[in-house]
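Q: Quick one, fold the following:
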Amino acid sequence: MTTDIIDGFKFQNDLDGSKKLIIESSRLDDCIKYILDGNTKSITINCFQGYSLDNIEFLKEISEVIDGLHLPETKFDIKIINSLHNLKFLGFADNKKDTINLPIFQKLKFWQPIILID
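A: This next block holds a predicted model:
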């Protein structure tokens, strides 16, 4: 995977040609505004790409807008994902304590469990 800078924001380029906004905690308010302004609907949250907060509660603010989430982290409480009803793509690492109720995602076209090797 490669990254691009678009409108001053980092985007992850996936093999299928899709782009996901890389959420940076130091620019979280700017990222949220960018999403709410309709500039992107797909995001990735990853500590190796600039997200250093201990929660992902900001997803409440963009829950009606995003349709793609990539979350390869196990340190978060991921129950909030269940409130993201517009998701078409979901990739997440199982934190072994929260349950994601996949049948509630009526628009989901692709989901990918992310397997982490200890």
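Q: How many neighbouring residues does residue 65 have?
A: 16 (other Cβ atoms under 10 Å). C-beta coordinates here come from the backbone N, C-alpha and C atoms, glycine included.
Q: and it, helix, strand or coil?
A: coil (DSSP: H, G, I helix; E, B strand; the rest coil).
Q: so where is this structure shaky, pLDDT-wise?
A: 113-118 (pLDDT under 70).
Q: what does the helix or strand harbouring residue 60 contact?
A: Using DSSP states H and E, residue 60 sits in helix 59-62. With contact meaning Cβ atoms under 8 Å, 6 or more residues apart in numbering, helix 59-62 is reached by 32, 35, 36, 43, 66, 69, 80, 81, 83, 84.
Q: Apply 10 Å and report the result again.
A: 23, 28-29, 31-36, 41, 43, 45, 66, 69, 71, 76, 78, 80-81, 83-84, 86 (Cβ atoms under 10 Å, 6 or more residues apart in numbering).
Q: List only buried entries from these.
A: 23, 31-32, 34-35, 41, 43, 45, 66, 69, 71, 76, 78, 80-81, 84, 86 (16 or more other Cβ atoms under 10 Å).
Q: follow-up on the earlier one: pull out the buried residues from the helix holding residue 60.
A: Going by 16+ other Cβ under 10 Å, helix 59-62 has these buried residues: 59, 62.
Q: Dihedrals phi and psi, residue 32?
A: phi -60, psi -50 (degrees, to the nearest 10).
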